[in-house]
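Novice: The sequence and its predicted three-dimensional model are supplied below.
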Amino acid sequence: MKQNRRDFLGLASAFLASTALAGNSRASEHDHAAHGSPKRRLSMVENPKQVLSPATIITPNKGKNYNPVVTLNGWSLPYEMKKGVKEFHLIAEPVVREFAPGMVVNCWGYNGTSPGPTIEAVEGDRIRLIVTNKLPEHTTIHWHGLILPNGMDGVGGLTQPQIKPGETYVYEFTLRQSGSFMYHPHADEMVQMAMGMMGMFIIHPKNPAAHRVDRDFCFLLSSYDIAPGTYTPNPSTMTEFNLWTFNSRVFPGIDPMVVRKGDRVRIRVGNLTMTNHPIHMHGHTFEVTCTDGGWVPKSARWPEVTSDIPVGSIRAIEFTATEEGDWSFHCHKSHHTMGPMGHNVPNMLGVKQDDLTEKISDLMPEYMYMPMGRSGMSEMQDMAEMGMALPENTLPMMSGKGPFGPIEMGGMFTVVKVRKDQPRNDYSDPGWFRHPKGSIAYKY
Ligand SMILES: [Cu+2]
């Protein structure tokens, strides 16, 4: 499989992020993050430029008896074969994640990234997962959806003692099923998941011909509450999150899903946020073929263009990429495709504000009042373009630039790029679609 330069840089940066920043970010993370002190220091990342963009790392499929998944802006965890057992090592630790160029976040994750690396194995494998806790508090890992011995289920207090800081625990079991699963802590869950601790767990069928597709993408939905101008998610937030992410990235920081025309494509989406996400795709119809409960029988599938992903579950959708173009792929809750915005914005639609500026500046000479919202919010995008001053480490509410202008998105949004000349197994970005003459909507 082709490993392009961007992938290599991504790989390098994943490790740069975990090593270069470890020294200067962790101490303050320990002091502040878990307690959510309102007086927390704003700038906990000494040099945000050190954190490079973590692009998708393509795992080569040569020599494997399965077709590896492609984790959006992520990677798969390498393993070592030890006397017939596949051994994986997960390190739970504070990490720095770039959500999109211009914003880095103090998260908790695994092996230097949040979400953690995707675990890939094959039905029938004996696996050993060695978990080391480098967090400031105890943790465990629950293997969501797996059929396993009860004592391996990873529920702190119920099936095992919590893993204290500095301790290492070993999970070992045989994989009895295939499909799409997840892992996440089952200890101080509200804090640890709000900080980004989660990962995908993919079990490929023993028979490589079963459920075979040409391209197999996966990612997790997660949400964060990060006040503008700050770096650390608020772990006490219950439902009022302000950042909606695919694998802890927001548009335009999310990699496109690049496919070759005619490919059979699977996209596995796991939801570890605190609300449902109707995931919608343009240009094609798809079927849900797998959930975290297993494969859906063919007779039970129906065509859809939007699939609602409930909290704590996975939907894998499949389609044949028959239509060339740049097709939007996004959450259909419109506030989930936007960056942080205030919840208490007065409704100014249709309100004449021309003389308001003058009146307010008479009353409050120090206060700069900006009239906006009279004819909609699209002016936000224009202001971001003009370089409107935003608080430190804060992304604009709407951003992204397409071939025809601003795309006005900012959260759970990316593009499926279908190209007839995309080489097999090549995931490099072909750029924007060149529409055939006479096939674009035009001004009358
Ligand atoms: Cu959503």
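Specialist: Structure's in. What do you need?

Novice: Enumerate every residue touching the closest residue to the ion within the stretch 101-250 of the chain.
Specialist: Here the stretch 101-250 of the chain gets closest to the ion at one residue, Trp244, 5.6 Å apart by Cβ to the ion. From N, CA and C alone the C-beta is placed, and that goes for glycine too. By Cβ atoms under 8 Å, 6 or more residues apart in numbering, the contact list for Trp244 reads Leu221, Ser223, Val250, Thr273, His277, Cys331, His335, His336, Thr337, Met338, Gly411, Met412.

Novice: now do Ala316
Specialist: Residues near Ala316 by Cβ under 8 Å, 6+ apart: Gly179, Ser180, Arg266, Ile267, Arg268, Val269, Val288, Thr289, Cys290, Thr291.

Novice: I'd guessed the third one sits against Thr289; true?
Specialist: It refers to Arg266. Yes. Between Arg266 and Thr289 there is a contact under Cβ atoms under 8 Å: 7.0 Å.

Novice: one step back: ok, the contacts of Ala316 vs the ion, which is closest?
Specialist: Val269 (10.6 Å).

Novice: Which members of the contacts of Ala316 occur in strands, if any?
Specialist: Gly179, Ser180, Arg266, Ile267, Arg268, Val269, Val288, Thr289, Cys290, Thr291 (DSSP state E).

Novice: what comes into contact with the stretch of helix or strand Val258 belongs to?
Specialist: Val258 belongs to strand 257-260 when elements are defined using DSSP states H and E. Residues outside strand 257-260 that contact it (Cβ under 8 Å, 6+ apart): 72, 214-215, 217, 265, 267, 321, 329, 414-420, 422-424, 426-430.

Novice: now stretch 152-166
Specialist: Contacts for stretch 152-166 (Cβ under 8 Å, 6+ apart): 92, 131, 133-143, 150-151, 169, 171-173, 185-187.

Novice: how near is the residue sitting nearest the centre point of the chain to Arg97?
Specialist: With distances taken as Cα atoms, centre = their mean, Asn247 lies nearest the centre of the chain, 1.2 Å away. Asn247 sits 9 Å away from Arg97, going by Cβ to Cβ, to the nearest Å.

Novice: Lys64 too?
Specialist: Lys64 sits 28 Å away from Arg97, taking Cβ to Cβ as the criterion.

Novice: before we move on, what about Gly112?
Specialist: Between Gly112 and Arg97 the distance is 10 Å, computed by Cβ to Cβ.

Novice: now, which of the ones in strands among the contacts of Ala316 lie close to the ion?
Specialist: The overlap between the ones in strands among the contacts of Ala316 and the neighbours of the ion (Cβ under 5 Å from the ion) is empty.

Novice: what about Val288, neighbour count?
Specialist: If you count neighbours by other Cβ atoms under 10 Å, Val288 ends up with 18.

Novice: which residues in this structure form helices?
Specialist: Along the chain, counting by DSSP state H, helices occupy 5-20, 22-32, 189-194, 356-363, 379-385.

Novice: from memory Asn67 sits against Arg212, does it?
Specialist: Yes. Between Asn67 and Arg212 there is a contact at 6.9 Å, judged by Cβ under 8 Å.

Novice: neighbour count winner among those two?
Specialist: For Asn67 versus Arg212, neighbours defined as other Cβ under 10 Å are more numerous around Asn67 (19 against 14).

Novice: residues in contact with that one?
Specialist: Contacts for Asn67 (Cβ under 8 Å, 6+ apart) come out as Asn61, His204, Pro208, Arg212, Val213, Asp214, Asp216.

Novice: Would you quantify the distance from the third one to Glu123?
Specialist: As for Pro208, its distance to Glu123 is 11 Å (criterion: Cβ to Cβ).

Novice: Please apply the same query to Val311.
Specialist: In this structure, Val311 and Glu123 are 27 Å apart, going by Cβ to Cβ.

Novice: And these two? Which one has more around it.
Specialist: The residue with more neighbours, out of Val311 and Glu123, is Glu123; 17 against 12, by other Cβ under 10 Å.

Novice: Next up, the contacts around the more buried one.
Specialist: Residues near Glu123 by Cβ under 8 Å, 6+ apart: Leu175, Arg176, Gln177, Ser178, Ile203, His204, Pro205, Lys206.
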